[in-house]
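Peer 1: task: produce atomic coordinates for the following.
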Amino acid sequence: MDILFGALSMIMQGDVLLIITLSAIFGMVVGAIPGLSATMAVALLVPVTFYMDPLPAIGAIVTAAAMAIFAGDIPSALIRIPGTPASAAYIDDAYSLTLKGRAAEALGIGLGFSAVGGIFGALVLAVAAPSLAHFALRFSSYEYFWLALLGLSCTALVSGNSLLKGAGSLLIGLWLSTIGLGAVGGAPRFTFGSTELLGGIPLVPALVGMFAIPELIRYALAPEMNGKVVTDAVSGVARLMFRSLATNIPGLLRGSFLGIIVGILPAAGAGVASWMAYAIARKFSRHPEEFGQGSVEGIAESGAANNAALGGTWVPALVFGIPGDAITAIAIGVLMMKGISPGPLVFVNSPDVMYGIFLIFLLANVAMIPLGLLVIKGAVKIIQIDRSILMPIVLLFCLVGSYAMNNTAFAIGLMLAVGVLAFFMEENGFPVAPAILGLVLGQMLEENFVISMAKAQGDILQLFSRPISLALGLLTISIWIYPVLAAVWCNAKRRNLFVSNAERQ
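Peer 2: Below is the predicted model of the structure:
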């Protein structure tokens, strides 16, 4: 208890609170700019942390990351461009609500569930970090393979009305994920001699292209059909936010729990957690037909998973020094630069700093609500601008966001090419979401399958040889065969009913 009060006294100093406040504003701004991710917000802060003590330095990173993850929902809802990769899962629902004049509701729901999910993640991080980290360390390449395959199986839940077209879109995403150096031998694949493609398709330009460029093309083809979007009054954002929290408690708990579990797995992170939470929300929903058309449940559960996963990624980072994602990898570097080595002994050698990090997590997510409400009030006014003015500004943000990833014009060309592909996909009824899912999880699936087969010497049954991998494998296979068995059962019942009626006659 003395350590906790000591950490609290360190945080309550004026300079630390000022750093946290400025980092929160910075994270909100960067996350709200299309193409600029939470990782980029953290990376831009690193040079500034050179001149800070350990606690405010990590506090700045924690706060900026949490704010940027939520702020990515703002351009998703207003102009259908994901501010961060984690926002892509429910972008169609948020944008559909905006088109219906409910932009403030979409943003309010995203804000409330992001904040509460983050608070939940911070509390679990403080209470159960060591035990959760031990669970994460049990995952080998076998478990990661099934986890990636389980995520790809969610295609059935994000494909809309046509499962066949959803599968086709997924294959396009998986093909895009194979571009670059191969997992076996490092041979170039589909690079056409370009050195820029050796590292694969960068996720942020692909996300921006797939969601923003089709909208821009549609506007260019029919500008007279794109007037101002009528939005609701922003005075009711807080009321809508709290009402949604009260009516979606099961989704909040499911999304937060899933976000923490996925977050503690290295290389998974908020993006994977968001997609999986969205698929699960649709599975348990009483109105699955609303998903993709403005589902409050989809935004709520995925939003909770986003920020809960952010807390989960710090579990293996602090307890074992294993980064859960790019953000914690940067944070580990900053800690080591300050003379603090993450690992089991960090709670013995620097307990005040560790508990200070937990408290800053909590403080950042609590502060997200008032700061987010202020940002939303200003942001909603954006969509009241005439589209003839707004669309060129959107295009400018797309170009800047894509260029900023690697400071190369190639990323801009790639973003435009992927965007044109997405436009033709949507025009022909192919949903974009499965393609994004394939791009996100394809490399993870391939690498872990190759590693697993190398360890097992080609024996595919070894994928079921461990308890956790066996459970994940059976769950994944059951998801595949359930629709087939259900269809066979329904056909058999129909046939029996037809025969019974014929016999009666």
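Peer 1: can I get stretch 205-221 in CSV, CA atoms only?
Peer 2: Output of stretch 205-221 as CSV, limited to C-alpha atoms (Å, rounded to 0.1, in the frame of the first residue of the first chain):
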residue,chain,number,x,y,z
PRO,A,205,-1.5,2.9,-46.7
ALA,A,206,-3.6,-0.2,-47.6
LEU,A,207,-6.2,0.7,-45.0
VAL,A,208,-6.4,4.3,-46.1
GLY,A,209,-6.6,3.3,-49.7
MET,A,210,-9.3,0.6,-49.3
PHE,A,211,-11.6,2.8,-47.3
ALA,A,212,-11.0,6.4,-48.5
ILE,A,213,-10.2,6.1,-52.2
PRO,A,214,-13.5,4.4,-53.1
GLU,A,215,-15.4,7.2,-51.5
LEU,A,216,-13.4,9.8,-53.3
ILE,A,217,-13.9,8.0,-56.7
ARG,A,218,-17.6,7.8,-56.1
TYR,A,219,-17.7,11.5,-55.3
ALA,A,220,-15.7,12.3,-58.5
LEU,A,221,-18.1,10.2,-60.6
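Peer 1: show residues contacting it.
Peer 2: 34-35, 79-82, 85, 88, 91, 176, 226, 387, 391, 394-395, 398, 401-402, 405, 411-412, 414-423, 426, 432, 435-436, 439 (Cβ atoms under 8 Å, 6 or more residues apart in numbering). C-beta: built from backbone N, CA, C; applies to glycine.
Peer 1: same check on stretch 283-290?
Peer 2: 157, 250-251, 254, 282, 291, 295, 297-298.
Peer 1: next, give me the two most distant ones among the residues you listed.
Peer 2: Pairwise distances among those were taken by Cβ to Cβ; the largest, 17.2 Å, belongs to 157 and 250.
Peer 1: the more surrounded of those two?
Peer 2: residue 157 (23 against 12; other Cβ atoms under 10 Å).
Peer 1: surely residue 331 and residue 313 touch.
Peer 2: No. The criterion here is Cβ atoms under 8 Å, and residue 331 misses it with residue 313 at 9.3 Å.
Peer 1: ok now do residue 461, which residues does it touch?
Peer 2: Counting by Cβ under 8 Å, 6+ apart, residue 461 has no contacts.
Peer 1: tell me the phi and psi of it?
Peer 2: phi -70, psi -20 (degrees, to the nearest 10).
Peer 1: coming back round to it: which among the contacts of stretch 205-221 count as buried?
Peer 2: 34-35, 79-82, 85, 88, 91, 176, 226, 387, 391, 394, 398, 401-402, 405, 411-412, 414-416, 418-419, 421-423, 426, 432, 435-436, 439 (16 or more other Cβ atoms under 10 Å).
Peer 1: in helices only, show me these.
Peer 2: Using DSSP state H, the members of the buried ones among the contacts of stretch 205-221 that fall within helices are 79, 91, 176, 387, 391, 394, 398, 401-402, 405, 411-412, 414-416, 418-419, 421-423, 426, 435-436, 439.
Peer 1: what's the end-to-end length of stretch 126-146?
Peer 2: One end of stretch 126-146 sits 29 Å from the other (Cα to Cα, to the nearest Å).
Peer 1: got any ranges where the stretch 151-300 of the chain has weak pLDDT?
Peer 2: 154-162, 184, 223-236, 266-269 (pLDDT under 70).
Peer 1: rerun at 90
Peer 2: Counting by pLDDT under 90, the ranges of the stretch 151-300 of the chain that qualify are 151-174, 176-300.
Peer 1: tell me which stretches of it form helices.
Peer 2: 155-158, 163-178, 203-221, 237-247, 249-263, 269-284, 296-312 (DSSP state H, counting those that start in this stretch).
Peer 1: looking at those helices, which is buried most?
Peer 2: With neighbours taken as mean count of other Cβ atoms under 10 Å, the helices of the stretch 151-300 of the chain reach their highest mean count in helix 296-312, at a mean of 33.
Peer 1: immediately after that one, which helix or strand?
Peer 2: Reading on from helix 296-312 to the C-terminus, the next helix or strand found by DSSP states H and E is helix 314-320.
Peer 1: residues in contact with whichever strand or helix holds residue 23?
Peer 2: Assigned by DSSP H and E, residue 23 belongs to helix 14-32. With contacts defined as Cβ under 8 Å, 6+ apart, helix 14-32 is touched by 10-11, 36-38, 40-41, 44-45, 52, 55-56, 59-61, 63-72, 74-75, 83-84, 360, 363-364, 367-368, 371-372, 375, 379.
Peer 1: end-to-end on stretch 316-327?
Peer 2: End-to-end distance (Cα to Cα), stretch 316-327: 13 Å.
Peer 1: residue boundaries of the helices in the stretch 1-150 of the chain?
Peer 2: Using DSSP H, counting those that start in this stretch, helices in the stretch 1-150 of the chain cover 2-11, 14-32, 38-49, 54-71, 73-79, 91-99, 103-137, 141-153.
Peer 1: with only the CA atoms kept, save the shortest one in PDB.
Peer 2: What follows is helix 73-79 as a C-alpha-only set of coordinates in PDB (Å, rounded to 0.1, in the frame of the first residue of the first chain):
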ATOM      1  CA  ASP A  73     -12.700   6.400 -34.500                       C
ATOM      2  CA  ILE A  74     -13.200  10.100 -35.400                       C
ATOM      3  CA  PRO A  75     -12.300  10.000 -39.100                       C
ATOM      4  CA  SER A  76     -13.700   6.500 -39.300                       C
ATOM      5  CA  ALA A  77     -17.200   7.800 -38.400                       C
ATOM      6  CA  LEU A  78     -17.000  11.100 -40.200                       C
ATOM      7  CA  ILE A  79     -15.300  10.400 -43.500                       C
END
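Peer 1: in terms of secondary structure, what does it contact?
Peer 2: Judged by 3 or more Cβ pairs under 8 Å, 6 or more residues apart in numbering; DSSP states H and E, helix 73-79 is in contact with helix 14-32, helix 91-99, helix 103-137, helix 351-379, helix 387-406.
Peer 1: just the mean pLDDT for that helix, thanks.
Peer 2: Averaging pLDDT along helix 73-79 yields 80.
Peer 1: work out the gap between that helix and the centre of the chain.
Peer 2: 14 Å (Cα atoms, centre = their mean, to the nearest Å).
Peer 1: which non-adjacent residue is nearest residue 237?
Peer 2: residue 108 (4.1 Å; Cβ to Cβ, 6 or more residues apart in numbering).
Peer 1: hang on, that neighbour packs against residue 245?
Peer 2: No. The criterion here is Cβ under 8 Å, and residue 108 misses it with residue 245 at 9.8 Å.
Peer 1: okay, and the common contacts of the two?
Peer 2: Shared contacts of residue 108 and residue 245 (Cβ under 8 Å, 6+ apart): none.
Peer 1: neighbours around residue 455, how many?
Peer 2: Residue 455 has 12 neighbours, counted by other Cβ under 10 Å.
Peer 1: actually residue 467, sorry about that
Peer 2: Neighbours of residue 467 using other Cβ under 10 Å come to 10.
Peer 1: do the same with residue 291
Peer 2: Neighbour tally, residue 291, other Cβ under 10 Å: 24.
Peer 1: pretty sure it contacts residue 94?
Peer 2: No. At 12.0 Å, residue 291 does not count as touching residue 94 under the criterion of Cβ under 8 Å.
Peer 1: re earlier: list only buried entries from the contacts of helix 14-32.
Peer 2: Buried among the contacts of helix 14-32 (16+ other Cβ under 10 Å): 10-11, 36-38, 40-41, 45, 52, 55-56, 59-61, 63-72, 74-75, 83-84, 360, 363-364, 367-368, 371-372, 375, 379.
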